[in-house]
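Student: Starting from these lines, generate the structure:
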Amino acid sequence: MTNYRWVICTMLFLATTVNYMDRQVLSLTWKDFIAPEFHWTDADYGNIAAIFGLVYAIANLFSGRFMDWIGVKKGYLWAIAIWSLGACMHALCGLATMWHLDMGSTKELFEATGSVAIAVSTVSAYCFIISRIVLGIGESGNFPAAIKVTAEYFPMKDRAYATSIFNSGSTIGALVAPVSIPLLARYFKNLGIGNGWEMAFVIIGALGFIWLGFWIFIYKKPENCKAVNAEELAYIQQDTQAETTPAEVEQKEKGIPFLKMLTFPQTWAIFLAKLITDGVWWFFLFWTPAYISDVYNLPSDNPVAMMLIFVLYAITMLSILGGKLPTIIVNRTGQNAYDARLKAMLVFAIFPLFTLFAQPLGAYSYWFPIILIGIAGAAHQAWSANLFSVASDLFPKKAIGTMTGINGLAGGISSYAINKISGNLFDYAAKTNMSFLGFEGKTAGYFIIFCYCALAYMVGWCCLKILVPRFKPVKQ
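Tutor: The predicted model follows:
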């Protein structure tokens, strides 16, 4: 048997890696490189991140249907081209701000005070929002396409493992980003090329265009791919071959109208589980560098700060083992994939509870919250990989792109909410010196969010268990 399916999985992994690196450029440069230039507050950054999440959410509804309609080869090309363009557009935000305010140099941006500083922060924020909108529209296509490709190239029992591998690209992207992006920004700033952060956006954004060239030649449907021999094709299609009649196979290949999707409890189970939990990962992704800077006074290009974030995301690589857990349960117990997946996801829901201790133990060393956040991040990625695979367990292939889009909508709404709330909460906590369970100021604000992160997965798991207590695939 050939193993070309793993070549395809590698391409999905690389796309997801680039996807998350493009997201991370802003979070790793705003606090120490961009905010001083444009006079941003936490609320400004929170609003920009929230708008990205909202656009990403809405675009997911259309991107899933788009992938079902146009196919993943062309669909993926469109998605990554758009998000790479959006990533590079960020580099022009400073020039656009100066042009709009009729300023002659970046020095005027830095030295602005009073109403002029407010104008600079407002205009620059809108420029970044426009770039994030383009980025969000493009990035919304990644997971619907990747999940659809996984359903094409892997049997049901292996999909969570394959998903956990390509989904680990988000971890690798987040792992590589903190040890490269701040250094890129600092390097180009020292060279006098802008303020450094601009070239970081351009270089990371260009990686997506390189990926495009490979995808054009590598991807074909397994039944049309010469690199897939008969034995591998039989392995890939083992679930289809198990169907009792050709009519059932044909029925499974039909799409489901969007409004009809909303009538199934399976849809709402996945939607709610994603809505409740996905904001946790977005918070870790977008706010951990600011957390390290705010609480421990370590800027993003500080070697200790880079090492902390590197270690955090290195720990999240354990999520690959979590993707294998449902397969182990199936092989040992003979249970169907969905029931095995629910058991595995209950295990993953337990680990984020340790995040409750992140802030208290952080008083002794910054390594404690980093390690605990890393464990929670690993649990999230394993949870997320299995939640994506729940869609392929319960829905026919022709509806997977649409369901993944609905899944992405939930994740985007969750991202919008947690970023919007966090930005305003942290500004409020700092201004009022708010107290919460023994913590004051911004540390109190962070502890409130950590409490939510700890409990979200148990609530999400209960939604799945209550709405779809046992394996019940959708019938058209």
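Student: contacting residues for L346?
Tutor: Neighbouring residues of L346 by C-beta atoms under 8 Å, 6 or more residues apart in numbering: W461. (C-beta placed from N, C-alpha, C; glycine too.)
Student: give me that answer again for 10 Å
Tutor: Counting by C-beta atoms under 10 Å, 6 or more residues apart in numbering, L346 makes contact with 383, 457-458, 461-462, 464-465.
Student: for the helix or strand encompassing it, what is the average pLDDT?
Tutor: Assessed by DSSP states H and E, L346 sits inside helix 337-350. What helix 337-350 shows for mean pLDDT is 88.
Student: For whichever helix or strand comes after it, buried residues please.
Tutor: Using DSSP H and E, the helix or strand that follows helix 337-350 towards the C-terminus is helix 358-362. For helix 358-362, the neighbour count (16 or more other C-beta atoms under 10 Å) marks 358-359, 361-362 as buried.
Student: Greatest separation within those residues: which pair is it?
Tutor: Farthest-apart pair in the buried residues of helix 358-362 is Q359 and L361; separation 7.5 Å (C-beta to C-beta).
Student: okay, and the common contacts of the two?
Tutor: Common neighbours of Q359 and L361 (C-beta under 10 Å, 6+ apart) are 368-369, 372.
Student: Could you find the closest non-adjacent residue to N142?
Tutor: N19 (4.9 Å; C-beta to C-beta, 6 or more residues apart in numbering).
Student: Am I right that the one you found is in contact with G173?
Tutor: Yes: the criterion here is C-beta atoms under 10 Å, and N19 meets it with G173 at 6.8 Å.
Student: tell me the contacts of the residue nearest to T316 when sequence neighbours are not counted?
Tutor: Computed as C-beta to C-beta, 6+ apart, the closest residue to T316 that is not its neighbour in sequence is G377, at 3.9 Å. By C-beta under 10 Å, 6+ apart, the contact set of G377 is 170-171, 174, 280-281, 284-285, 288, 312-313, 315-319, 351-352, 355, 453.
Student: same check, this time on V134
Tutor: By C-beta under 10 Å, 6+ apart, V134 lies in contact with 55, 82-90.
Student: and it, that one's in a helix?
Tutor: Yes: counting by DSSP: H, G, I helix; E, B strand; the rest coil, one finds V134 located in a helix.
Student: how far away is it from A57?
Tutor: 15 Å (C-beta to C-beta, to the nearest Å).
Student: cool, and D278?
Tutor: From D278 across to A57, the span is 10 Å (C-beta to C-beta).
Student: got any residues that touch both of these two?
Tutor: In contact with both D278 and A57: 408, 410-415, using C-beta under 10 Å, 6+ apart.
Student: which among these end up buried?
Tutor: 408, 410-415.
Student: Just give me the least confident of those residues.
Tutor: Minimum pLDDT across these is recorded for G408, with 77.
Student: Next, the contact list for that residue, please.
Tutor: Per C-beta under 10 Å, 6+ apart, neighbours of G408: 56-61, 63-64, 139-144, 147, 274, 278, 388.
Student: try 7 Å
Tutor: Going by C-beta atoms under 7 Å, 6 or more residues apart in numbering, G408 touches 56-57, 60, 140, 143-144.
Student: which SSE is it in?
Tutor: Per DSSP H and E: helix 397-432 holds G408.
Student: again, but for D44
Tutor: D44 is part of helix 42-70 when elements are defined by DSSP H and E.
Student: Then I328?
Tutor: I328 is located in helix 319-333, with elements delineated by DSSP H and E.
Student: is it true that V295 lies in a helix?
Tutor: Yes: using three-state DSSP, the assignment for V295 is a helix.
Student: quick one: it from L464, how far?
Tutor: 34 Å.
Student: hmm, back to that, out of D278 and A57, which sits in the busier spot?
Tutor: D278 (27 against 24; other C-beta atoms under 10 Å).
Student: My guess is that one contacts G412. True?
Tutor: No: the pair D278 and G412 fails to qualify as a contact (C-beta atoms under 7 Å) at a distance of 8.2 Å.
Student: give me the number of residues near the nearest residue to I236 once chain neighbours are set aside?
Tutor: Leaving aside its sequence neighbours, I236 sits nearest to P222 (C-beta to C-beta, 6+ apart; 5.3 Å). Per other C-beta under 10 Å, the neighbour tally for P222 reads 19.
Student: do the same with S27
Tutor: 22.
Student: Check the one 5 residues further on too.
Tutor: Neighbouring residues of D32 were enumerated by other C-beta under 10 Å; the total is 22.
Student: So which of the contacts of L346 are in helices?
Tutor: 383, 457-458, 461-462, 464-465 (DSSP state H).
Student: Now, of those, which are buried?
Tutor: Among these, those classed as buried by 16+ other C-beta under 10 Å are 383, 457, 461, 464.
Student: Those residues into CSV, with extra columns for pLDDT and distance to Y153?
Tutor: What follows is these, written out as CSV (pLDDT from 0 to 100; distance: C-beta to C-beta, whole Å):
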residue, pLDDT, distance to Y153
W383, 88, 23
Y457, 95, 29
W461, 94, 28
L464, 90, 26
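Student: burial measure for the closest residue to K189 other than its chain neighbours, as a count.
Tutor: Nearest residue to K189 in three dimensions, chain neighbours excluded: G196, at 2.9 Å (C-beta to C-beta, 6+ apart). Other residues within reach of G196 by the criterion other C-beta under 10 Å amount to 23.
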